[in-house]
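**Student:** Just need the structure, nothing else, for what follows:
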Amino acid sequence: MRDIAVFSGSAHPELATEICAQLGAALNPVRIQRFANDCLEVQLQANCREHDVFLIQPIVPPVQEHLVELLLMLDAARGASAARITVVMPHYAYARSDKKDAPRISIGGRLMADLLVTAGANRVLAMTLHSPQVHGFFSVPVDQLHALRELAAHFHGRDLSNTVVVSPDLGNAKPASAFARMLGVPVAAGAKQRFADDKVTITAIIGEVEGRDIIVLDDEIAKGSTLIELMDRLRERDARSIRIACTHGLFAGDALRRLGDQPDVEEIVCTNTVPLADGTGHPKLTVLSVAPLLAEAIRRIHNGESVSALFHDT
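**Tutor:** You can find the predicted model right below:
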């Protein structure tokens, strides 16, 4: 792939390496150093002049550190006369800050999008943004992929005759419905109220779940509070078994252990959009790779081909 230059920050170099292996392109080195006053400096250590530059950096904890790294990489690529700069952002943490739901609250998702564009981003390639409006926060083209096909492929081949896909809330019902169509099963959803970051109440489940095998689909799992609450409601409705699927497996604190140790949870499936913290793991956890999907999207963007077939529902 001539005239392409791919770089990665420190957020998820394993994913970047896998993407480049799929592309057949080199992952160029980046030097990141910290000065005595705690400021960062970034140097892209390969030629960018008139190249199609792709910067791979999910915004994951430590979020502020990785965000500043990405801003500095954008500035470096723009200063090096890159022809076009595409941010490959498998996870956008600030997407959760997408609305003003209390007085005098900042909308961080929009502000960070403005910062990325100001720093030099000409295009963004993302995966499963938290809500539809986040796509519109960017003033440059955004290709938003999803991992529904990869997750559905994992469950195909199983006996799904008694299975229902359950969304934890009505806001995620549309992706859950698309996922259920891929599997050929019905869908249900929880009626959720959030009172704080870790305080959630699910008052009802809309749909038939009694005696059924459940696949819970969510966009991301951080503390797992919503899923713990949802599973309590599913048990009250005599659900038979529970599997959990999500795109972004953040698993903050002991969330993975809390979920995996639930006796009726048979499996937890996520993708590798975010790196698992050192020491994080569970016998019930399966991690699927989205590197082939991201690599194909990069190839199509670089060659001027349509990307829409990768994110439209089948």
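
**Student:** For the chain, name the helix or strand with the lowest mean pLDDT.
**Tutor:** Least confident element among the helices and strands of the chain, by mean pLDDT, DSSP states H and E: strand 187-196 (a mean of 81).

**Student:** which strands and helices sit next to that one?
**Tutor:** strand 163-167, helix 173-183, strand 199-206, helix 225-236 (3 or more C-beta pairs under 8 Å, 6 or more residues apart in numbering; DSSP states H and E). In this view, the C-beta of every residue, glycine as well, is placed from N, C-alpha and C.

**Student:** residues of that strand that come out buried?
**Tutor:** V187, A188, A189, G190, K192 (16 or more other C-beta atoms under 10 Å).

**Student:** Taking their axis directions, that strand and helix 225-236 sit at what angle?
**Tutor:** 130 degrees (axes from the mean of the first three to the mean of the last three C-alpha atoms, to 10 degrees).

**Student:** Strand 187-196 vs strand 163-167, what angle?
**Tutor:** Using the same axes, to 10 degrees, strand 187-196 lies at 30 degrees relative to strand 163-167.

**Student:** if we can go back for a sec, among the helices and strands packed on strand 187-196, which is nearest L23?
**Tutor:** helix 173-183 (26.5 Å; C-beta to C-beta).

**Student:** if we can go back for a sec, next one: the least confident helix or strand of the chain to chain centre, how far?
**Tutor:** With C-alpha atoms, centre = their mean, to the nearest Å as the basis, strand 187-196 stands 20 Å off its chain's centre.

**Student:** Need the contact partners of it.
**Tutor:** 164-170, 172-173, 176-177, 179-180, 200-209, 226, 229-230, 233 (C-beta atoms under 8 Å, 6 or more residues apart in numbering).

**Student:** Check stretch 28-43 too.
**Tutor:** Contacts for stretch 28-43 (C-beta under 8 Å, 6+ apart): 5-10, 44-46, 65, 68-69, 72-73, 75-76.

**Student:** from those, which ones fall inside helices?
**Tutor:** With helices identified by DSSP state H, the entries of the contacts of stretch 28-43 that belong to them are E65, V68, E69, L72, M73, D75, A76.

**Student:** Most neighbours of all these, which one?
**Tutor:** M73 (26 neighbours; other C-beta atoms under 10 Å).

**Student:** Provide the count of other residues in contact range of the closest residue to E69 other than its chain neighbours.
**Tutor:** Computed as C-beta to C-beta, 6 or more residues apart in numbering, the closest residue to E69 that is not its neighbour in sequence is G9, at 4.3 Å. Using other C-beta under 10 Å, G9 has 23 neighbouring residues.

**Student:** contact partners of stretch 61-75?
**Tutor:** Outside stretch 61-75, the residues that touch it by C-beta under 8 Å, 6+ apart are 7, 9-11, 30, 32, 40-42, 44, 55, 57-60, 85, 87, 89, 93-94, 112, 115-116, 119-121, 250, 252.

**Student:** Report the buried members of these.
**Tutor:** Of these, these count as buried by 16+ other C-beta under 10 Å: 7, 9, 11, 30, 42, 44, 55, 57-60, 85, 87, 89, 93-94, 112, 115-116, 119-121, 250.

**Student:** Of the contacts of strand 187-196, select the buried ones using a PyMOL command.
**Tutor:** Restricted to buried positions by 16+ other C-beta under 10 Å, the PyMOL selection for these reads:
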select buried, resi 164+165+166+167+168+169+172+173+176+177+179+180+200+202+205+207+209+226+229+230+233
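
**Student:** so what's P90 up against?
**Tutor:** By C-beta under 8 Å, 6+ apart, P90 lies in contact with H12, L15, I56, P58, A126, M127, T273, V274, V290, L294.
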